[in-house]
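Enquirer: Generate coordinates for the sequence data below:
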Amino acid sequence: MSAVVTVMNMKGGVGKTTVTLNLAGLLARYNIGGRPPLRVLMIDYDPQFNLSQAYIPPKEYFALEKNYKTTLAILIDSGTALNPYQLQVSGNHSPPSVSSLVTNLFTHHTGAKLDIVPSTLNLMYVALGQATTNTKPIEERFEKFIGECRLHYDLIMIDCHPAGSLFTKTSLTNSDFALIPVVPQKYAVRGIGLMMEFMKAKKAGTKAPEPLILFNSTGRTGTSSEEATIRADGKYAPYCLASTLKWYKAFGEPEGGSGFVWQSTKPYSTSAFLNLSAVAREFRTKIAL
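Expert: From the prediction side, this is the model:
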């Protein structure tokens, strides 16, 4: 059994990459809630490629990009002309194999592992280009790729571009869950509402991914009025995780494959690790892994 989780919010600045990199990394490395670590794949589906930068040293990253081992290869064939004003759609409806694109980051002695398909700034051509032909080949390629991923991984986490785009559509259409990071501040509820509406629209006639709302960058004590308001709203209360990912500097420090909270000896790193573990335990239970 596997679970595919899109991590996104229509509102930017909510820490979707921070949530993805920390949850995925922890669940691949540690026994959580008495359950063994998982085979985890991260798909960086954002042209800003922040998730890729957190895990892959620059020299290695640029080699992968040069060899077309990025998420762009899932959508279109190598050699396809890139044009910011016109989306080029491959005639080939079959993506590369999963094994040919993933980069291994960590392997556990139990067989658990952490892999990534890095992103590229060139993915922006797909985001900006105006399709003059049917995008069905792109959608089919992504669907087939995720289908193969399910055979090899327990958990697939997609760090998705925060906008209503082809990325959003293909990611949500192929996901079981949508993890929605929310920073409790002004207009936070608007971002959740837009996200819920978009999920329903993009999955018309089929089962939409189950929303999971995670409050991120919360205070270490107490509950903000914004968080309390959202938790009290009947439209959102059933989807809110009880655990919150609190604000710790350690969560945002990874770069080039180092600086993760499970490696850190800096002040408050133990508290941050325990907080992350609590969130991971509840998240894993929610997605039935």
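Enquirer: mind listing the helices in the stretch 51-200 of the chain by residue range?
Expert: Remark: helices assigned in the stretch 51-200 of the chain by DSSP state H, counting those that start in this stretch are 58-66, 72-75, 98-101, 124-128, 136-152, 166-173, 188-202.
Enquirer: In TSV, list these along with distance to Phe251.
Expert: C-beta coordinates here come from the backbone N, C-alpha and C atoms, glycine included. Shown next, in TSV, are the helices of the stretch 51-200 of the chain (distance: least, C-beta to C-beta, whole Å):
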stretch	distance to Phe251
helix 58-66	21
helix 72-75	28
helix 98-101	27
helix 124-128	26
helix 136-152	26
helix 166-173	23
helix 188-202	19
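Enquirer: In terms of mean pLDDT, which of those helices ranks lowest?
Expert: Mean pLDDT is lowest for helix 124-128 among these, at a mean of 74.
Enquirer: List the buried residues for stretch 212-228?
Expert: Across stretch 212-228, burial judged by 16 or more other C-beta atoms under 10 Å covers Leu212, Ile213, Leu214, Phe215, Asn216, Ser217, Thr218, Ser224, Glu226, Glu227.
Enquirer: for the residues you listed, which one is nearest Lys286?
Expert: Comparing those against Lys286 with C-beta to C-beta places Leu212 closest, at 5.7 Å.
Enquirer: Can you find the helix or strand of this protein with the lowest average pLDDT?
Expert: helix 124-128 (a mean of 74; mean pLDDT, DSSP states H and E).
Enquirer: relative to helix 188-202, how tilted is the strand ranked longest in the chain?
Expert: Secondary structure of the chain read by DSSP state E shows that its longest strand is strand 210-218. Following axes from the mean of the first three to the mean of the last three C-alpha atoms, to 10 degrees, one obtains 160 degrees for the angle between strand 210-218 and helix 188-202.
Enquirer: Could you name the helices and strands sitting against strand 210-218?
Expert: helix 16-29, strand 177-182, helix 188-202, helix 225-232, strand 245-246, helix 269-286 (3 or more C-beta pairs under 8 Å, 6 or more residues apart in numbering; DSSP states H and E).
Enquirer: tell me what the second one is packed against?
Expert: Just to be clear, that refers to strand 177-182. Applying 3+ C-beta pairs under 8 Å, 6+ apart, one finds that strand 177-182 contacts strand 3-7, helix 16-29, helix 188-202, strand 210-218.
Enquirer: Contacts for that strand next, please.
Expert: 3-9, 14-16, 18-19, 157, 172, 188, 191-192, 195, 199, 209-216, 230, 239, 245, 283, 286-287 (C-beta atoms under 8 Å, 6 or more residues apart in numbering).
Enquirer: Within the sheet, what are the partner strands of it, with directions?
Expert: strand 3-7 (parallel), strand 210-218 (parallel) (DSSP bridges).
Enquirer: Ok, which of these comes nearest Glu143?
Expert: Judged by C-beta to C-beta, the one of the strands paired with strand 177-182 that comes nearest to Glu143 is strand 3-7, at 10.9 Å.
Enquirer: Please work out the average pLDDT along the closest one.
Expert: The pLDDT scores in strand 3-7 average 98.
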